[in-house]
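Novice: Fold the following and give me the result.
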Amino acid sequence: MLIQLPLVWLLLAAAPAEQAVLAKMDESAAVFRSMSGKIRKVTHTAVINDDSVESGTIRLKRQGKGDIRLLVDIGEPDPKSYALQGPKAEIYYPKIQTVQEYNLGKQSQLLDQFLLLGFGTPTRDLLRSYTLRVAGEETVAGQKTARVELIPKSAKVLQYLSKAELWISLDGGHTIQQKFHEPSGDYRLATYSDVKWDAKLADGELALKLPKNVKREYPQR
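Specialist: As a prediction, this is how the structure comes out:
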């Protein structure tokens, strides 16, 4: 019995720590409306063990359930911009002055679910869709964070996402980093810095800046 007591104490001590992280996430989710800052994105391709790195800026605004607006401007190494509004996604390639438009249809709900992991989603909603575990503390981008692991419960989602990880600031409960693991072994890692939370973003600040002579393509047609 004496041998088991230290393990029990550890388990009892861990539970409040996990609850504190979840409470921080809920506090942040309750007031989240928008964010803007810098983004560094790493895309890992497992089959050739290769990483591609992009950096730029991100603006994200949530106006209500299902009304998500996103603009990502990649500056390096290859300039391009991504915009998302409702079911419509656009990718602009300034070097060739071409914008590609996609209709996400039903997949827009799946994309919203990924985008909002850590951005305004209360833990009760996360727990409906994921098995959640607080996996420890790490320092990311100079901030102390808790790493939260999320395993999708839906077989459909598992086809695209085997696991997600969030690094949550222990100070403000905000998401500092996200990692999305695919069944193939590929992953996407996004790290956010110089973030302004609840940034005052006008709708025009979340739209692509396109020249008059831009060429528009519809790859789905």
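Novice: For the rest of this, base every contact and every neighbour count on C-alpha atoms.
Specialist: Will do.
Novice: chain center to stretch 152-166: distance?
Specialist: 14 Å (C-alpha atoms, centre = their mean, to the nearest Å).
Novice: hmm, I was thinking of stretch 80-89
Specialist: 15 Å.
Novice: counting residues per strand, which one in this protein is longest?
Specialist: Looking across the chain with DSSP state E, the single longest strand is strand 50-64.
Novice: so after it, what's the next helix or strand?
Specialist: Remark: after strand 50-64, the chain's next helix or strand is strand 67-76, criterion DSSP states H and E.
Novice: so what strands line up beside that next one?
Specialist: strand 50-64 (antiparallel), strand 80-85 (antiparallel) (DSSP bridges).
Novice: Can you redo these as a markdown table, where the extra columns are mean pLDDT?
Specialist: A markdown table is the format used below for the strands paired with strand 67-76 (pLDDT from 0 to 100):
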| stretch | mean pLDDT |
| --- | --- |
| strand 50-64 | 91 |
| strand 80-85 | 91 |
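Novice: Deepest in the core, which of the ones you listed is it.
Specialist: strand 80-85 (a mean of 20; mean count of other C-alpha atoms under 10 Å).
Novice: List the contacts of that strand.
Specialist: The list of residues contacting strand 80-85 from outside it, by C-alpha atoms under 8 Å, 6 or more residues apart in numbering, reads 67-74, 89-94, 206-208.
Novice: one step back: could I have the longest strand of the chain exported to CSV, CA atoms only?
Specialist: Extracted C-alpha coordinates of strand 50-64, given in CSV (Å, rounded to 0.1, in the frame of the first residue of the first chain):
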residue,chain,number,x,y,z
ASP,A,50,11.6,16.8,-46.3
ASP,A,51,10.5,20.0,-44.6
SER,A,52,9.3,23.1,-46.5
VAL,A,53,9.2,26.3,-44.5
GLU,A,54,7.0,29.4,-45.2
SER,A,55,6.6,32.6,-43.2
GLY,A,56,4.2,35.5,-43.4
THR,A,57,1.3,37.1,-41.6
ILE,A,58,-2.2,35.8,-40.6
ARG,A,59,-5.5,37.5,-39.8
LEU,A,60,-8.4,35.5,-38.5
LYS,A,61,-11.9,36.8,-37.6
ARG,A,62,-14.8,34.9,-36.1
GLN,A,63,-18.1,36.8,-36.5
GLY,A,64,-20.4,33.9,-35.5
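Novice: Now the buried members of the contacts of strand 80-85.
Specialist: For the contacts of strand 80-85, a burial check counting by 16 or more other C-alpha atoms under 10 Å picks out 68-74, 89-94, 206-208.
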